[in-house]
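Engineer: structure of the sequence below:
(one chain, ligands or ions: 1)
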Amino acid sequence: MDKNSMLYQDIESELLITREKIAERVRVLGQQITRDYHDRSLVAVSILKGSVLFFADLIREIDVPLTIDFMQASSYGDSTESSGFVHIKKDLDRSIEGKDILLVEDIVDSGRTLSYLKTMLKKRGAASIRIATLLDKPEGRQVEMEVDYVGFIIPNAFVVGYGLDYAERYRNIPDIGILRPKVYQQ
Ligand code: IMP
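Structural biologist: Numbers count the residues shown, from 1 in each chain. Below you'll find the predicted structure:
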């Protein structure tokens, strides 16, 4: 998608993270994960919907046998503020008992979503659970949350693109940008 696209009018003109930087970082994360799991296999779990682009790119950089599964949890609704409530909309298809799990998320903000999911999956008997997130907003943290692989640490702004949405829009922007406040203030 061209940067003159209409969608780019709703994000700040200075992009936060370009598609080139994303690709470079995803490659490095994939190499790191490959090294850490070199003698194992894993179940990569995409937390829908925001992580799908990151997930698709990341798993192609992980050079160990893996299977994939999907989960959907929601805590936001259509607002830019976390509701603090986590609801499972779609659960995993297969049992994870005894498996090494890599949870792949788009962004960690308050930390509530992942903390909830991690506790839940631990109770189901996973052998190990690690977390990979493309973005981390440490200033938004409300619960303590250990993240194993972080793409980029970003300031406390509302961002969209590369899978991240505002009211389900902007996921198809290939770069990551700060949403202009006029979009959610009108
Ligand atoms: P947490 O439970 O507060 O850590 O929220 C994580 C979820 O909130 C993410 O998976 C996103 O869906 C959403 N979220 C948090 N910050 C942003 C943002 O800046 N843009 C888009 N979605 C966000």
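Engineer: can you confirm Tyr8 is in a strand?
Structural biologist: No. Counting by DSSP: H, G, I helix; E, B strand; the rest coil, Tyr8 falls outside a strand, being helix.
Engineer: the ligand contacts on the protein?
Structural biologist: 50, 75-76, 82, 105-113, 158-160, 164 (C-beta under 6 Å from any ligand atom). Bear in mind the C-beta positions are built from the backbone N, C-alpha and C, glycine included.
Engineer: go with 5 Å
Structural biologist: 50, 75, 82, 107-113, 158-159, 164 (C-beta under 5 Å from any ligand atom).
Engineer: let's see which of the residues you listed end up in helices.
Structural biologist: 112-113 (DSSP state H).
Engineer: for the residues of the chain next to the ligand, give me a markdown table that also has distance to Val150, neighbour count and pLDDT.
Structural biologist: Below are the residues of the chain next to the ligand laid out as a markdown table (distance: C-beta to C-beta, whole Å; neighbours: other C-beta atoms under 10 Å; pLDDT from 0 to 100):
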| residue | distance to Val150 | neighbour count | pLDDT |
| --- | --- | --- | --- |
| Gly50 | 15 | 23 | 97 |
| Ser75 | 20 | 15 | 68 |
| Ser82 | 19 | 17 | 59 |
| Ile107 | 10 | 22 | 97 |
| Val108 | 8 | 22 | 96 |
| Asp109 | 13 | 23 | 93 |
| Ser110 | 16 | 18 | 91 |
| Gly111 | 13 | 21 | 93 |
| Arg112 | 17 | 20 | 90 |
| Thr113 | 15 | 23 | 90 |
| Phe158 | 19 | 17 | 96 |
| Val159 | 15 | 23 | 98 |
| Leu164 | 15 | 23 | 98 |
